[in-house]
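Q: Quick one: sequence plus predicted model below, questions after.
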Amino acid sequence: MGSNIGLENESALHAGLKAYLAQPGDLLESPVGGYVVDIVRGDLLIEVQTRHFGLIRAKLQALLADHPVELVYPVAAVKWIVQLDPADGHELGRRRSPKRGQPADLFDELVRLPTLLDHPNLTIVVAMTQEEDVRCADGRGSWRRRGVSLVERRLLGVDRLVRFRGRADLLALLPTDLEQPFTARSLARQMGVRLPQAQRAAYCLRKLGLATRAGMAGRAPLYRLVQAAEGEEP
């Protein structure tokens, strides 16, 4: 396995998504504005980001100034956990993870750059994928994973692409009958997500002007969608 595990962690998934997205005539890994862009399609730039959005902040700011950009972010709708033998790397077994991703997982990364969708040149594309998560119990991984290393993520297929062209598109991730006002806990219950994700969603909605504070419910902040408060689209 060696010391290249960390370097390979995202490369297989990234390469797989680029191959899936590329069309005849596209330029791959092409220099634009001092940066190397994954896919150039005329004036449109397509960037695949499988890791934290914060890592691409400067690149996005530079590219968005002069070009429309599609930022593609994969979310595993179906994930298979593959275990490798630390001795020789052969596959020991695979199992399907019970966790199923959903487009609302975008909030987990959008919280790093909450006003990203305010830019008129940006479209965020959530790719709902089928993936293999390859791991190896080699003792070199995080203590949180009890020493298991994350070797790489492999793309098996793409179920669908969900596009977010502007901030108002995020409202499609919320329940249509969302109670008003709401707390992060009630939002989590209605969306069917964990509380931390609902807290990130509430934060992003506020930063984008889609929701506003509406008092307190005990120690929990209350929020209200702006369109619900004003009777119009944000």
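A: Sure thing, it's come through.
Q: And the contacts of the longest helix seen in the chain?
A: Once the chain is assigned using DSSP state H, the helix that runs over the most residues is helix 195-207. For helix 195-207, contacts defined as CB atoms under 8 Å, 6 or more residues apart in numbering pick out 104-105, 107-108, 110-111, 114-115, 170, 173-174, 184-185, 187-188, 191, 193, 211-213, 221, 223, 225. Quick note: C-beta positions are derived from backbone N, CA and C, even for glycine.
Q: Then stretch 27-45?
A: 14, 18, 21-23, 25-26, 46-48, 59, 62-63, 66-70.
Q: chain center to stretch 65-85: distance?
A: The chain centre lies 7 Å from the centre of stretch 65-85; the measure is CA atoms, centre = their mean, to the nearest Å.
Q: low-confidence ranges in this structure?
A: Counting by pLDDT under 70, the ranges of the chain that qualify are 1-10, 141, 228-234.
Q: ranges for the helices of it?
A: 5-8, 11-21, 57-64, 106-110, 184-191, 195-207, 226-230.
Q: if we can go back for a sec, among the contacts of stretch 27-45, which ones are buried?
A: Listed as buried from the contacts of stretch 27-45 are 14, 18, 21, 26, 46-48, 59, 63, 67-70; burial here means 16 or more other CB atoms under 10 Å.
Q: Please report the distance of residue 214 from residue 178.
A: Residue 214 is 13 Å from residue 178, where distance means CB to CB, to the nearest Å.
Q: before we move on, what about residue 52?
A: Separation of residue 52 from residue 178 (CB to CB): 28 Å.
Q: out of these two, which sits in the busier spot?
A: residue 178 (17 against 12; other CB atoms under 10 Å).
Q: Residue 187 is in contact with that one, correct?
A: Yes: when contacts are counted by CB atoms under 8 Å, residue 178 is listed as touching residue 187 (7.3 Å).
Q: Show me how the record splits the chain into domains.
A: 2-168, 175-230 (automatic domain parsing).
Q: in the sheet, who's paired with residue 27?
A: As for beta bridges, residue 27 partners with residue 40 under DSSP bridges.
Q: What is the neighbour count of it?
A: Residues lying near residue 27 (other CB under 10 Å) number 14.
Q: can you give me the strands for the chain?
A: With DSSP state E as the criterion, the chain has strands at 27-32, 35-41, 44-48, 69-84, 91-96, 122-136, 149-164, 211-217, 220-225.
Q: Can you convert these into a markdown table and add a column each for distance to residue 143?
A: Output for these, formatted as a markdown table (distance: least, CB to CB, whole Å):
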| stretch | distance to residue 143 |
| --- | --- |
| strand 27-32 | 36 |
| strand 35-41 | 33 |
| strand 44-48 | 30 |
| strand 69-84 | 19 |
| strand 91-96 | 22 |
| strand 122-136 | 15 |
| strand 149-164 | 12 |
| strand 211-217 | 37 |
| strand 220-225 | 33 |
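Q: Give me the distance between the two termini of stretch 17-30.
A: 16 Å (CA to CA, to the nearest Å).
Q: How far does it sit from its chain's centre?
A: For stretch 17-30, the distance to the chain centre is 20 Å (CA atoms, centre = their mean).
Q: ditto for stretch 40-48
A: For stretch 40-48, the distance to the chain centre is 19 Å (CA atoms, centre = their mean).
Q: what's the answer for stretch 137-148, then?
A: With CA atoms, centre = their mean, you get 24 Å for stretch 137-148.
Q: For stretch 212-227, buried residues please.
A: Result for stretch 212-227 [16+ other CB under 10 Å]: buried residues 212, 214, 221, 222, 223, 224, 225, 226.
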